[in-house]
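**Student:** Sequence below, structure please.
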Amino acid sequence: MTETAARRIAAAAAGAPSSVKGGRAHARLLARLLAHFAVALHRENDERRLVLWLPVAAGAGSALYFAADREPSLAFSVIAFLIAAALAYFARQRRAVFAPLIACAAVLAGFSCACLRTASVAAPMLDRIRIVNLTGYIEEMDLRPQGARFLLRVASAEGLAPRLTPYRVRLTARRAPAFQAGDFVAVKARLLPPSQAEFPGGYDFARTAFFARIGAVGSVLGAVRAAKASEPAPLALRFFAQIDHARNALARRIASVLHGPSAAVAVAMVTGKRDYLGNATKDVIRQAGIFHIITISGVQMTLVAGILFWGTRRLLALSRTLALDYPIKTWAALIAMTGAVGYDLATGSRIGTQRALIMTLILLGAVVCGRRAFSMRNLALAAAAVVIFEPESIMGASFQLSFAAVAALVAVQEARNIGAIERGGDETFIDRRDPLLLVMDKVRAGPGRLLFATACATAATASFMAYDFHELSPYVLIGNPLTLAVIEAFAVPGALLGALLYPLGLDAFVWRYIGAGIDLVLWAAKRLAAAPGSTLHLVAFAPWALGFLALAVLSIVIWRSVPMRLTALPFALIGLLGASAGDRFAVDAAPGGDAVAVRTASGRLAVMGRRPSLFAVEQWLSADGDGRPARQALIPRSGSPDGTMRCDRLGCVALTPDATVSVVLDPRAFPEDCARADIIVSPLFAPARCGARLVLDRAKLAKTGAVALRFRGERIEVTRERSRNEDRPWSPAPRALPTFALRVTPSDKPRPEISDSSDLDP
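**Tutor:** Next comes the predicted model:
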């Protein structure tokens, strides 16, 4: 649609008759709005902004794939994509038809990429807890202050059929073994399946582990022993093992020069090894809103590439011949690209670092091609590359936060460029009423520019922080500039210099220099964490609310004209309404049935069970907007102070305002609890004629996963983590489980209405 056609349509709408009094005035107002939006959309199309929504559509397709309750057909999705792409190609001359077809093709492309990715990494996942003798190659060794954690690529698993043998397992040892990456070892381990979400909608580690090809986690029993491999290690494994040796050696060197939290943070910033960090240090930097200081992310990657690019170009420019007769800018970009790849490998090449590398390579590739590097189109290309090769990443906080922050910074930079064009008198399309441009004019130079850019990035990531971590830090505008200053002035230059001097033994002063900067950050972080209101704890909200908030952010950063940016308002309003409607659960049963979180009369959660996982307790408290340490929510064996909760060897019982909840840990407790309790949760098989109102035993929890209960008068509202008939590679349908009969005394309590499904009825 041309601009003239858009105006004609709006004019026709303005002249349309109306049978309602005052309707003509409303029609004119609507026509003016349509005219503004039509003209703005035409200009956005001229600026090639519509194409930036294609990676968004592809990402939406990947999200739809993960929302399916059973594994979609790869062949069908690919065929559907090819048909949509072909139809879009033949309809390319008719914009009204071409636009929806190309959007549909992008959605199907993201969906197909997710299907293909799942098929390419598929590997067995352990079905239940097992004690197994394993042999295999150590792929990565992460040392801790006490003990170690390592990845083992499994060569053999005694007693496990090949269809059940994981490709790799993650093991924890209380004592650091005298082995390193690349060694072939034998070990006896207690293995568990990767944990499912601890509450409906929570973090699903099993899905993350599946795409990392980790089929089991566990702990070492006994000693790790050397073994003889039947065949040599693959070349790629040996290559990355040497890199891991160097990273651990550098980490030990830094830890020997520095001490305490500064050493742990320095190791994480330089080598990417975060197992040296204690929980207290993690809590402080998280509450201060600067947790990204210990991650190898886009900031570090960009700085490394920038230092190499700037330094190489300046060095080559010292020669008049090279500067005048050769493309030294292109050479510098190529060297920076090589350095960025090397930095990614040297820091472990984790998923977050790989995404930063993709973005950096695209930006530097634009320099090589003579194009503008810092643009929204290059960011869109980077997002498309991630969706193609790692579509599971869009479900994680790292992807969401990094791309949202960078998109906001790119939007700010584009506003600066537009301001420069406007001051130069260029007639290129500029919306002079753009509020972002007006604000940028006010903070054109000085610290205000940095603070404004930080504020924009913080606002863009706020909804993702709230959804993924259930908390926000009001003091992030103080912590972020300080963190960036330390990274720019201390960490990245120091890491490059220290790595070069380490083989010579002259690197100690560099680590002390980095430590001084980290001490400053930790000092400030402790003050920020201790300040009133340093952390706002939020109740978990539904994914659909996050989708609308994400569309609001995208509408602001992608569109350039004011009318199109105003489309962010309805998205933001719907998203905020959904986020504010978060509802706390009254009872949450862990997927294993061995622990339960119960809301007490005080309104807070208390957790009871057999040695509940602290990670699960943290997840429950975080989703409830509760900032207490996990241990404070645990009910001791002696019971709660008010006497409403107590535990013994057979199980635990809680008397809540709404119901009596029992956790049965021994079969001998079933007769009494089935007769007296309203709700029974157990990792065991409950008797078939248990008289409790609701029974969540091993058989039912295998079908439902974690279960959250809310009491609505006489009705119990049930929310399950696993959808009905769910069967995905990382969450397979449970096999048929046996049931056991046990004589119990029937309960005379009235049975409430239970919403959700009949398979939850007692």
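
**Student:** list the contacts for the closest residue to residue 244 other than its chain neighbours?
**Tutor:** Nearest residue to residue 244, sequence neighbours excluded (Cβ to Cβ, 6 or more residues apart in numbering): residue 181, at 3.9 Å. (C-beta placed from N, C-alpha, C; glycine too.) Listed by Cβ atoms under 8 Å, 6 or more residues apart in numbering, the contact partners of residue 181 are 138-141, 150, 240-241, 244-245.

**Student:** In the stretch 301-450 of the chain, what residue spans correspond to helices?
**Tutor:** 320-325, 328-346, 351-368, 376-389, 397-424, 435-442, 447-469 (DSSP state H, counting those that start in this stretch).

**Student:** Contacts for the fourth one next, please.
**Tutor:** Around helix 376-389, the neighbours that count as contacts under Cβ under 8 Å, 6+ apart are 48-49, 51-52, 54-56, 58-59, 62, 110, 113, 117, 355, 358-359, 362-363, 366, 393-394, 399, 403, 406-407, 410-411, 414, 557-558.

**Student:** now do stretch 638-647
**Tutor:** Residues contacting stretch 638-647 (Cβ under 8 Å, 6+ apart): 598, 600-601, 606, 608, 635-637, 652-656.

**Student:** so residue 499 sits right up against residue 250, yeah?
**Tutor:** Yes - judged on Cβ atoms under 8 Å, residue 499 makes contact with residue 250 at a distance of 7.0 Å.

**Student:** Contacts only, for residue 326.
**Tutor:** Contacts for residue 326 (Cβ under 8 Å, 6+ apart) come out as residue 316.

**Student:** Report the separation between it and residue 172.
**Tutor:** Distance of residue 326 to residue 172, given as Cβ to Cβ, to the nearest Å: 54 Å.

**Student:** what helix or strand is residue 606 on?
**Tutor:** Using DSSP states H and E, residue 606 sits in strand 605-609.

**Student:** after that strand comes which helix or strand?
**Tutor:** As the chain continues past strand 605-609, the following element, by DSSP H and E, is helix 614-623.

**Student:** quick revisit: if you look at the contacts of residue 181, which of them are in helices?
**Tutor:** Judged by DSSP state H, those include 240-241, 244-245 as members of helices.

**Student:** Could you save those as JSON lines and add columns showing pLDDT?
**Tutor:** Below are the ones in helices among the contacts of residue 181 laid out as JSON lines (pLDDT from 0 to 100):
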{"residue": "240", "pLDDT": "91"}
{"residue": "241", "pLDDT": "92"}
{"residue": "244", "pLDDT": "92"}
{"residue": "245", "pLDDT": "92"}
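
**Student:** Need the residues you listed in TSV (columns: neighbour count and distance to residue 310).
**Tutor:** TSV is the format used below for the ones in helices among the contacts of residue 181 (neighbours: other Cβ atoms under 10 Å; distance: Cβ to Cβ, whole Å):
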residue	neighbour count	distance to residue 310
240	18	30
241	20	33
244	22	30
245	14	31
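
**Student:** hang on, the earlier thing: so how do I select the buried members of the contacts of helix 376-389 in ChimeraX?
**Tutor:** The buried subset of the contacts of helix 376-389, as determined by 16 or more other Cβ atoms under 10 Å, is captured in ChimeraX by this line:
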select :49,52,54,55,56,58,59,62,110,113,117,355,358,359,362,363,366,393,394,399,403,406,407,410,411,414,557,558
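
**Student:** Would you single out the least confident of the helices of the stretch 301-450 of the chain?
**Tutor:** Lowest mean pLDDT of these: helix 435-442, a mean of 59.

**Student:** picking that back up, who touches both of residue 499 and residue 250?
**Tutor:** residue 270.

**Student:** of those two, who's got more company?
**Tutor:** A count of neighbours by other Cβ atoms under 10 Å puts residue 250 above the other of residue 499 and residue 250, at 21 against 17.

**Student:** Give me the three-state assignment for the more buried one.
**Tutor:** What DSSP: H, G, I helix; E, B strand; the rest coil gives for residue 250 is helix.

**Student:** That one and residue 500 touch, don't they?
**Tutor:** No - counting by Cβ under 8 Å, residue 250 stays clear of residue 500, with 11.6 Å between them.

**Student:** Helices of the stretch 51-200 of the chain, start to end?
**Tutor:** Using DSSP H, counting those that start in this stretch, helices in the stretch 51-200 of the chain cover 53-67, 74-90, 95-121.
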